[in-house]
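K.L.:
I need the structure of the sequence given here:
(2 chains)
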Amino acid sequence: MRNEFVVAVAGDVARRLPGTENPKLATGAIELRAREVEILAEAKTPPFYINEPDAPVDEALRLRYRYLDIRREPMKERLLLRSRLVAAIRDAHHRAGFVEIETPILIKSTPEGARDFIVPSRLQPGTVYALPQSPQQLKQLLMVAGMDRYFQIARCFRDEDLRGDRQPEFTQLDLEMSFAREETVMDFVEWMIVEVSRAVVPERPLQEVPFPRFTFEEALERFGSDKPDIRFGMELVDLAPALRGPDGAPASGFRVFDDALASGGRVKGIVVPGLGGVSRSQIDELTELARRHGAKGLAHLSPLADGSVHGPIVKFLGEERARAVVALAGAAAGDLLLIVADRHETTADVLGRLRVELGGRLGLADPDVLAYCWVHRFPMYQWDEENRRWDATHNPFSAPLPEDLPLLATTSGDPYRPDPDDPAGRARAQQYDVALNGWELGGGSVRIHRRDLLERSFALQGHSLEAMHDKFGGILEAFDYGAPPHGGIALGVDRWAALFAYQTNIREVMAFPKTQSGSDLMLDAPSAPDPAQWAELGLRFVGLEKPATG
RNA sequence: GGACCCGUGGUGUAGCGGCCCAACAUGCCAGCCUGUCACGCUGGAGAUCGCCGGUUCGAAUCCGGUCGGGUCCGCCA
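P.N.:
Numbers count the residues shown, from 1 in each chain, chains lettered A, B, ... in the order given. Below you'll find the model as predicted:
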């Protein structure tokens, strides 16, 4: 008999003889005294170690033999954890009076967000279904249908490029509530998250309950991210006050800073504790990271124990101003102050990424802590210069804050002629995201339930009346029959499970994930269809245009 | 669409122009040992170094292409 054989053993379980117990084994105190042994199935030598949980194995091999990979303890444990997570989610929702309702997988293409997967129809040749990117419209229709507390563990599909935290098909906890305001949804979701976390990973401390709530602007100002990791500080500091003259005009002596401030941009920094003695090459590396995300450069200052300040830009700022900058930032001797001067968004993004990167390197974030937080009041729209329209930042159905309702307008007065200077650019949405340890766990919004408002918002987003009726006709018609105010959220179950399992990759909590190129190495999918299948659908592959060379 | 990293016996790695028809660990096979459980001991088989082409007297080692895997940017909520 060899490893991985499937056997049936009949015998008696008995305590091991004194001296032969093995405390290292879970079953080390007992043994099975076999009377009969039957081999039910023999097994080939597996392509990798099953019994050594720490043995590294090439991931492609694990995916090819996923059924063997799942025999291994870590994978098995993660799938059990995920099962407990989903059970806890269902339990919490049922206790709160939510109804679980399944929605179809074969639906209609919608223009929102990502590229759709499409499925050709055999009964109606030349037409296609789309796989849902989320059950968004269907759950809103359920609200119209009077199912006032809906949830679903829903499979979603998006035909976009993959990442460690993105698969073409993934699982969302999708929920929607009628007569809900922002507070209603956030309060329930927060309660549910706490219940689920305590049930599934009771040993992991929650950093802060109730969860901190940041406005989008505040999150950007303090953490440079709309999904902040709040397990550690190192917050962004606005350095402008130390760089302006008595008249308020930029007067730092350093052109880069003055230009940024003069053109409406920002000069901000982060204090990296204890990194004052960093090497030139490490600074270069951080500068490279800053450049990759759009910054033109990265300045730094190092306060020394004798009260002086070192750094290449001291000669521009002057010793006195350099000291003022360092003092404003709160940097102490031995620390490193990293400074970015750029447009508001770039400054935030670059410093936010540096903060996360350095926080990770310095081990500032407690890996056991679960730090949930809310980010809300996102801008309704972002200007899309290419298509000359306002693009919904999150969900095209998101409702504006009541006080921002008047801003859903254009300068021209015609909603079908949007312009980058429209008041709409200042409108904020009743939109909220939950972040966990620097990952976006989910997001949702209060929806627009009035047809006239929806039409106006869609117009700003560049949807003509006809296009709107073609794409959203169903939901528009439904709203004519009386839609209750409603709102909801969707949380990434794969991400949640991964974070619970200390993983940085959602493949580790999925039984049968796909590779970065969208392949299933076990099933060898996707594969060319049988010619007969194509013929039945009236399809033929004509090839793709060759990309232009040179 | 782009940048970068990886691809060597079954598995994980080392080697990074000749000393390599490739080393180590583990696994596999055979034998021995017998209260073993990451057993131990002895012996053995097993890779032409992802694939194609080039440079060179000579390539696992350099170059180009290609395929596969990964990380990231774009994309995506």
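
K.L.:
hey, where'd the helices end up in the stretch 151-300 of chain A?
P.N.:
Secondary structure of the stretch 151-300 of chain A (DSSP state H, counting those that start in this stretch): helices located at A:182-200, A:216-223, A:255-262, A:280-292.

K.L.:
is the first one up against RNA strand B anywhere?
P.N.:
No. Against RNA strand B, helix A:182-200 shows no contacts by C-beta under 7 Å from any atom of the strand, the least distance being 14.6 Å. Bear in mind the C-beta positions are built from the backbone N, C-alpha and C, glycine included.

K.L.:
may I see the buried residues of that helix?
P.N.:
A:182, A:184-186, A:188-190, A:192-197, A:200 (16 or more other C-beta atoms under 10 Å).

K.L.:
and the second one, by the same measure?
P.N.:
Within helix A:216-223, the residues that qualify as buried by neighbour count (16+ other C-beta under 10 Å) are A:216, A:219-223.

K.L.:
again, but for the last one
P.N.:
Of the residues in helix A:280-292, those buried under the neighbour-count criterion (16+ other C-beta under 10 Å) are A:283, A:286-287, A:289-290.

K.L.:
with stretch A:405-423 instead?
P.N.:
Using 16+ other C-beta under 10 Å as the test for burial, stretch A:405-423 gives A:407-410, A:415, A:418, A:422.

K.L.:
break chain A down into its domains, please.
P.N.:
Domain ranges of chain A: A:1-45, A:48-201+A:491-541, A:232-364, per automatic domain parsing.

K.L.:
how close does A:V493 get to RNA strand B?
P.N.:
12 Å (C-beta to the nearest atom of the strand, to the nearest Å).

K.L.:
now do A:D524
P.N.:
Counting by C-beta to the nearest atom of the strand, the gap from A:D524 to RNA strand B is 10 Å.

K.L.:
ok, A:L106 next?
P.N.:
Separation of A:L106 from RNA strand B (C-beta to the nearest atom of the strand) stands at 19 Å.

K.L.:
mind listing what that residue touches?
P.N.:
Taking C-beta atoms under 8 Å, 6 or more residues apart in numbering, we find A:L106 in contact with A:119, A:129, A:131.

K.L.:
show the pLDDT at the last one.
P.N.:
Here the pLDDT value assigned to A:L131 is 96.

K.L.:
name the residues linked to A:R389 by a beta bridge.
P.N.:
A:D384 (DSSP bridges).

K.L.:
give me the neighbour count for the nearest residue to A:F157 once chain neighbours are set aside.
P.N.:
Spatially, and ignoring its direct neighbours in sequence, A:F157 is nearest to A:L131 (3.8 Å; C-beta to C-beta, 6 or more residues apart in numbering). Other residues near A:L131 number 20, with proximity taken as other C-beta atoms under 10 Å.

K.L.:
what sits against A:L131?
P.N.:
Counting by C-beta under 8 Å, 6+ apart, A:L131 has contacts A:105-107, A:116-119, A:157.

K.L.:
so which bits of stretch A:327-334 are buried?
P.N.:
For stretch A:327-334, by 16+ other C-beta under 10 Å, it's A:328-329, A:331.

K.L.:
straight-line length of it, end to end?
P.N.:
Stretch A:327-334 stretches 13 Å from its first residue to its last (C-alpha to C-alpha, to the nearest Å).

K.L.:
tell me the mean pLDDT over it?
P.N.:
Throughout stretch A:327-334, pLDDT has a mean value of 95.

K.L.:
and A:P400, which of the domains of chain A is closest to it?
P.N.:
Closest to A:P400 of those is domain A:48-201+A:491-541 (C-beta to C-beta; 11.4 Å).

K.L.:
run the chain-centre distance for the closest one.
P.N.:
On the basis of C-alpha atoms, centre = their mean, to the nearest Å, domain A:48-201+A:491-541 is displaced by 14 Å from the centre of the chain it belongs to.

K.L.:
helix, strand or coil for the residue nearest the centre of chain A?
P.N.:
Nearest to the mean C-alpha position of chain A, counting by C-alpha atoms, centre = their mean, stands A:E440 at 3.3 Å. In terms of secondary structure, A:E440 is strand; the call rests on DSSP: H, G, I helix; E, B strand; the rest coil.

K.L.:
might one say that it is in contact with A:I489?
P.N.:
No. Counting by C-beta atoms under 8 Å, A:E440 does not reach A:I489; the two are 11.9 Å apart.

K.L.:
show me the contacts for the closest residue to the residue nearest to the centre of chain A other than its chain neighbours.
P.N.:
Nearest in space to A:E440, with sequence neighbours left out and distances taken as C-beta to C-beta, 6+ apart, is A:K227 at 4.3 Å. The contact partners of A:K227, taken as C-beta under 8 Å, 6+ apart, are A:375, A:433, A:435, A:438-440.

K.L.:
measure A:K227 to RNA strand B for me?
P.N.:
For A:K227, the distance to RNA strand B (C-beta to the nearest atom of the strand) stands at 9 Å.

K.L.:
state the pLDDT value of that residue.
P.N.:
For A:K227, pLDDT reads 96.

K.L.:
out of the buried residues of helix A:182-200, which one sits closest to A:A249?
P.N.:
Here the nearest of the buried residues of helix A:182-200 to A:A249, counting by C-beta to C-beta, is A:E182; it sits at 40.4 Å.

K.L.:
residues in contact with that closest one?
P.N.:
Listed by C-beta under 8 Å, 6+ apart, the contact set of A:E182 reads A:376, A:430, A:432, A:446, A:487.

K.L.:
again with A:P526
P.N.:
Going by C-beta under 8 Å, 6+ apart, A:P526 touches A:518-520.

K.L.:
and if you look at A:E217?
P.N.:
With C-beta under 8 Å, 6+ apart, A:E217 has these contacts: A:R377.

K.L.:
cool, and the one 5 residues further on?
P.N.:
With C-beta under 8 Å, 6+ apart as the criterion, the residues that contact A:R222 are A:214, A:228, A:235-236.

K.L.:
if I look at it, how far off is A:L236?
P.N.:
Shown here: A:R222 relative to A:L236, a distance of 6 Å by C-beta to C-beta, to the nearest Å.
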